[in-house]
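Novice: Give me a 3D structure for the following:
(chains A and B)
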Amino acid sequence: MSDEKREAWQIGKSHRKVDAMERMRGVTRYTDDIKLPGMLHGKIKRSPHPHARIVSIDVSKAMAMDGVFAVVTGADMPTPYGIIPWTPDETALCVEKALYVGDGVAAVAAIDEDTAIDALGAIEIEYEVLQPLFDPEESLAQSRDNPINPYARTGNLSKKVLLEFGDVEAALAKADLVVEGEYFFEGTTHAAIEPHCAVAHVEPNGLLTVWSATQVSHYLHRELAKVLEMPANRIRVIQPPLGGAFGGKSEPFDLEFCVAKLAQITGRPVKILYTREEVFYSHRGRHPMKMKYRTGFTADGKITGVDANTVLDGGAYSSFGLVTTYYSGQLLCAPYEFGAYRFLSRRAYTNKPACGPKRGHGSVQPRFSLEVQLDKAAVQLGLDPIELRRRNDMGAGAKTVNEFQIGSNGFLECLAKVEAASDWKTRRGSLPYGRGLGVAGSTYISGTNYPIYPNDMPQAAVQVCLDRSGRARVFSGANDIGQGSNTMLAVIVSEELGIPLDDIRVLSADTDLCPVDLGAYSSRITLMVGNACLQAAGKLRKKVCEAVAKRWEVSPKRVVLAQGMAIDGDDPERNVPSAQAFVWAEEDHGLLGEVGSYNTPKDRHGDYRGGTIGASPAYSFTAHVAEVDVDEETGVVDVKTIWVAHDCGRALSRRIVEGQMEGSAYMGFAEAIMEQHIVDPGHNGVHPGPSLLDYRIPTFVDTPELHSLIVEAHEAQGPYGAKEAGEGPLHPSIPAIANAIYDAVGVRMDTLPFSPPKVLAALEARRAAEAAGELAPHKGAARRTA
Amino acid sequence: MVNGEVVQLAVQPHRTLLEMLRYQLDLIGSKQGCDKGDCGACTVQIDGVPRLSCITLALHAEGREITTVEGLGAAHGGCHPLQDAFDRWDAAQCGFCTPGILMSAEALLRKVGGEVTRTQVREALAGNLCRCTGYTKIIDAVVDASRPQAAETDDTSATEEAAQ
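Specialist: Below is the predicted model:
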């Protein structure tokens, strides 16, 4: 949305990030690197039971220990909160009941970590153990009288959404082919390498500062005010540099409330650092989903209708669950035309760590189902799976069946790129048994049209100041969680003001210093904060250009700001350093500072209840081709290569975009092959391996070759045409791998992860069917192994 | 010796090397990701060999030479070629695993003494988990830094082609 056509001098290039070198030198202070004078260490005592009423808590022995300064329990902070204002169903520490193994019950502050751990052992808690429920459908079948969550409104049903667009039954009835499938997506967790950590400090006048490894400092600010029952203007939240998040730090956690309360009580700074085990308990990861799909097709591969029925296993608390339940249906309606669509999604409470948003919130699971359905249809109709997807492409400017307005759309180009890069046409038909190629596509939002709490204020705001030394300061509430959003802002300011990135200082995510931003979630920052920043920087550019033009007695349109200079576009020999240009502008205008803000268009969504949820100003598009090698003897799936083509509108900083695409594809691959976040019902709901050894995430050796192919379909809503790149490219990894496994060995993997026992069982079933004459040998080829 | 300087301090016998570095010496570059030897974020070099400082007792370091990421660039004007390559390739996203990865990678480059292959990088760094990058840009950066001509420029087009 730049106001005139100028040649970009920064946009679209690759950049050194503004904050990377200090991270690599080991001098960046993450939250756990903060050390304050007199700081105490906190620890949280956690429930050993998956479901238990708290009869009594005796903290006297712990309080009497040397070095223990304070102990708090749920009674000290009883106000229920929730990241979604309509579902406040958790408390900082359990008040009445503990709802899963690992639920926080009490917290201590002590002189050091060892003493705090000892003090936890001295807290005496009497529990009345209750029957736990681990299966979501069993949970939903219970009477509403005794819900797992004491704040639940409709028994163990956390949320139900039923939406129908068009006549689905008629659409399926007229179809030439109806593919029916049942799918199960096992839950997974974020596993950022930095564990959650928070530090609180109270000034003598009562001002509270909380440093936290959060990706939503504004929402944390609001919830702290609510739970601590103090005005927000007495609280400052700072997000220090963050060691990864992926959605796992996108709502308040018990440690943030506990450090604040313990600091208030003791008058000393308090830090809590989660152990890796606690990170697994805090979870809020991807929901396990059980999905039934019916998809109708015409003989030439056009989708006539989609019917989806989904049960979401929510765990003990709502988290973002209201939104997740909507997203499980609402985000599926592009890039393919659906004809008619109906989805029923029900989220259940269970006695497990709460599920929430993980990269690709709510839509990675249904995308897996849909894309495998398409692959099954392609096989049955004798169509190339890429061709079938092309035939269903909705194109740019389309309106989805659920009434979302699509803007730019580079999906066909994404398909073409992965088709060419993988040499699909030549290789797919000629790969031997055991080797296969699979394709999948997807779409994702560039932020949500409506904020979590309803208000008409801007969703993003940025302040930019220039000084006479030729530098710029950018104040932004946005959370850089490692994705590079601070660099994105610097690139925009550099582009507009002509100064190099080194001369731009970005200060972000400090509620005292920065304008409000809603945080790093739903892939909103590039589009929303980018637009706000472009607006502020554009106003300053105008002032600077005018000031220079006045001195040169030329039209401001002739003044170009680039390469650290103001340049006369018609006579490049005439130029001055940026600092001189800023001095002239300051002489004319006074102190140089401008604000920019962004609010979403309100005409791009459906006019029905829930029609705003999942609507976005702009949608990204992705296609993957995965190549796998399946070992018939061991069932091991070796993913060799994933080609990732992603339409990000415009790559503002090219290598950062590639990094998002590669990181996304990696994370999807991990979920497909290795990861499962589960509790063991046979062992009282205990997590079977809350460590980075037992919860296996891919190493350098496991990860396939990843090839990122950027597609740029200019988006009118985005800054310089940009859309999201951080979450969309995760989605197709999983179904592309499932479809590649089918191509390799002829078995359908409808249940995640695609672990060796499941693959072997599927291969055995296939062999039995072949032996019985029900199926021809896959690829008609002799087996590699006897 | 820590990063080339003689350090004398009293340490409790159960303290880990990571705790000593972070809490007693304020060398915060080495990170705690799991505290049990699973993630590699705490990797330092003991007598030039990568070791997990979170499962190494501090007393084990007595009389040995410890190098942390803070000391990596000392012989290179403050910025090791690996750090420069990581910066150019955007190989650090959140950067939390990066110090440990740099310490493992530096040992690899010293051991090979020339250009390394992508497979060598994957194998040498298999004990360091990264959750952001999908590893691709890290491999690009390490291979780049191992080349004798590892330039001081921002032109990485040649290495990009080589990576394809």
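
Novice: show me the residues around A:W552 that make contact.
Specialist: Contact analysis of A:W552 by CB atoms under 8 Å, 6 or more residues apart in numbering or on different chains lists A:R558, A:V559, A:D568, A:R574. For every residue, glycine as well, the C-beta is placed using N, CA and C.

Novice: do the same with A:R359
Specialist: A:H190, A:F246, A:G247, A:S664, A:M667, A:G726, A:E727, A:L730.

Novice: out of those, which are inside helices?
Specialist: If you go by DSSP state H, these have A:S664, A:M667 in helices.

Novice: Straight-line length of stretch A:412-430, end to end?
Specialist: Stretch A:412-430 has an end-to-end distance of 24 Å (criterion: CA to CA, to the nearest Å).

Novice: actually stretch A:473-490, not the one I typed
Specialist: 9 Å.

Novice: can you check stretch A:728-736 too?
Specialist: Rule used - CA to CA; the end-to-end distance of stretch A:728-736 is 14 Å.

Novice: who touches that stretch?
Specialist: Residues contacting stretch A:728-736 (CB under 8 Å, 6+ apart): A:359-360, A:363-364, A:367-368, A:370-372, A:375, A:438-444, A:523, A:620-626, A:642, A:644, A:646, A:660-661, A:664-665, A:667-669, A:671-672, A:708, A:752.

Novice: cool, stretch A:49-62 as well?
Specialist: A:68, A:71, A:73-74, A:94-101, A:105-106, A:108, A:119-120, A:122-134, A:148, A:351-352, A:679, A:684-685.

Novice: got any ranges where the chain has weak pLDDT?
Specialist: Let's take chain A. Low-confidence segments of chain A (pLDDT under 70): A:1-5, A:781-786.

Novice: That was the other one, I meant chain B.
Specialist: Flagging of chain B using pLDDT under 70 yields the residue ranges B:149-164.

Novice: Show me what residue of it gets nearest to chain A.
Specialist: Chain A sits closest to B:G29 of chain B, with a gap of 1.9 Å, by CB to the nearest CB.

Novice: How much space separates that residue from B:C42?
Specialist: 10 Å (CB to CB, to the nearest Å).

Novice: quick one, which of those two is more surrounded?
Specialist: Using other CB atoms under 10 Å in any protein chain shown as the criterion, B:G29 and B:C42 rank with B:C42 on top: 28 against 25.

Novice: and the more buried one, what does it touch?
Specialist: Contact partners of B:C42, counting by CB under 8 Å, 6+ apart, are B:L18, B:S30, B:K31, B:Q32, B:G33, B:L52, B:S53, B:C54, B:G100.

Novice: quick one: what helix or strand has the third one in it?
Specialist: Spelled out, that is B:K31. Using DSSP states H and E, B:K31 sits in no helix or strand.

Novice: quick one, strands of the stretch 101-250 of chain A?
Specialist: Here the stretch 101-250 of chain A has its strands, by DSSP state E, counting those that start in this stretch, at A:104-110, A:124-129, A:157-165, A:177-185, A:197-202, A:208-212, A:235-238.

Novice: and A:A263, which of those strands is closest to it?
Specialist: strand A:197-202 (3.9 Å; CB to CB).

Novice: Any buried residues in the longest helix along chain B, and which?
Specialist: With secondary structure taken from DSSP H, chain B has its longest helix at helix B:98-112. Residues of helix B:98-112 classed as buried: B:T98, B:P99, B:G100, B:I101, B:L102, B:M103, B:S104, B:A105, B:E106, B:A107, B:L108, B:L109 (neighbour count, 16 or more other CB atoms under 10 Å in any protein chain shown).

Novice: what packs against that helix?
Specialist: In terms of contacts (3 or more CB pairs under 8 Å, 6 or more residues apart in numbering or on different chains; DSSP states H and E), helix B:98-112 is packed against helix A:20-24, strand B:43-46, strand B:49-52, helix B:81-88, helix B:118-124, helix B:136-146.

Novice: any idea how far stretch A:600-614 is from the chain center?
Specialist: Computed by CA atoms, centre = their mean, to the nearest Å, the chain-centroid distance of stretch A:600-614 equals 21 Å.

Novice: coming back round to it: most tightly packed of the helices and strands packed on helix B:98-112?
Specialist: With neighbours taken as mean count of other CB atoms under 10 Å in any protein chain shown, the helices and strands packed on helix B:98-112 reach their highest mean count in helix B:136-146, at a mean of 26.

Novice: So which residues make contact with it?
Specialist: Here helix B:136-146 makes contact (CB under 8 Å, 6+ apart) with A:655, A:658-659, A:662, A:700, A:703, A:705-706, A:708, B:81-82, B:84-86, B:88-91, B:101, B:105, B:108-109, B:112, B:114-118, B:121-122, B:125, B:130, B:150, B:156, B:159-160, B:162-163.

Novice: domain assignment for the chain?
Specialist: Answering for chain A, as no chain was given. A:34-132+A:190-282, A:289-430+A:606-780, A:458-598 (automatic domain parsing).

Novice: Chain B was what I was after
Specialist: B:17-71, B:74-155.

Novice: helix, strand or coil for A:Y326?
Specialist: Three-state assignment for A:Y326 (DSSP: H, G, I helix; E, B strand; the rest coil): helix.

Novice: Distance check, it against A:L752.
Specialist: From A:Y326 to A:L752 the distance is 22 Å (CB to CB).
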